[in-house]
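> I would like to see how this sequence folds:
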Amino acid sequence: MTYIVKSSERLRPAASETETKALLYLMNFREDSDEVYYFVVDFFNDLTGMCKMADKMWDVQSKGAKNDRKGTCYSL
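Got it, this is the predicted structure:
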């Protein structure tokens, strides 16, 4: 399977800004930010935080929409 990238956050300043804000939010501005140990960014720049044991994850939607969630926490 081959991926062809036609756009990137580097080419879209607004998307790059929202990704940065999402990362800063997850790192510092949640009550449970101190529980986040790993930060995972996938190929499409979606952001997920994981606790040290990887049994709790935070999914941050940072698409720049006005009704974005501020992050959802999932426990495994």
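
> Now do the SS call for W58.
For W58, the secondary-structure state derived from DSSP: H, G, I helix; E, B strand; the rest coil is strand.

> count of neighbours near it?
21 (other C-beta atoms under 10 Å). The way it works is simple: take the backbone N, C-alpha and C, and place the C-beta from them, glycine included.

> Show me the beta-bridge partners of the nearest residue to it once chain neighbours are set aside.
Distances taken as C-beta to C-beta, 6 or more residues apart in numbering place G49 nearest to W58, at 4.0 Å, with adjacent residues excluded. Note on G49: beta-bridge partners by DSSP bridges are F39, W58.

> For V40, which non-adjacent residue is closest in space?
Closest to V40 by C-beta to C-beta, 6+ apart is T48, at 4.5 Å.

> Could I get the pLDDT score of the one you found?
Among the per-residue scores, T48 holds a pLDDT of 86.

> doesn't V41 make contact with the residue nearest to W58?
No - the pair G49 and V41 does not pass the contact test of C-beta atoms under 8 Å, sitting 10.4 Å apart.

> out of these two, which sits in the more crowded spot?
Applying other C-beta under 10 Å to G49 and V41 shows that G49 carries more neighbours, namely 23 against 12.

> so what's the more buried one up against?
Contact analysis of G49 by C-beta atoms under 8 Å, 6 or more residues apart in numbering lists 26, 36-40, 57-58, 60.
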